[in-house]
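**Student:** Sequence and predicted structure are below.
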Amino acid sequence: MIGSLRFYQLPLVVRIAVGLVFNNVWWSIEEFVINRVGLWKYMPYYKATNGCVWDLAVGMVTAFAIWRASIGPARA
């Protein structure tokens, strides 16, 4: 049986790529759903076609999640 890898055991370049994939998912949702359907009218502080608070928040949440998952098990 092959052992499984934990996220923190992956090389740094792979962890960065995972973060980029999650941000790309946000950009796709933003472009294909929020902007085209017009949901941006109901999102406070959202600016269509420009960087906004929502983009910053998603970037920070993604970076925090990747950072948190990259930490190994707690050492006693």
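**Tutor:** Received, thanks. Residues are numbered from 1 along each chain as shown.
**Student:** quick one: low-confidence parts of the chain?
**Tutor:** Within the chain, the segments meeting pLDDT under 70 span 1, 75-76.
**Student:** now the helices for it?
**Tutor:** 12-29, 36-37, 53-70 (DSSP state H).
**Student:** Just tell me which of these ends up closest to residue 44.
**Tutor:** helix 53-70 (8.4 Å; C-beta to C-beta). C-betas here are computed from N, CA, C, even on glycine.
**Student:** So which residues make contact with that closest one?
**Tutor:** Contacts of helix 53-70 with the rest of the structure, by C-beta atoms under 8 Å, 6 or more residues apart in numbering, involve 7-8, 15-16, 18-19, 22-23, 26, 30, 43, 45-46.
**Student:** can you check stretch 22-31 too?
**Tutor:** 54-55, 58-59, 62, 65-66.
**Student:** 7 Å - rerun?
**Tutor:** Stretch 22-31 has contacts (C-beta atoms under 7 Å, 6 or more residues apart in numbering) with 58-59, 62.
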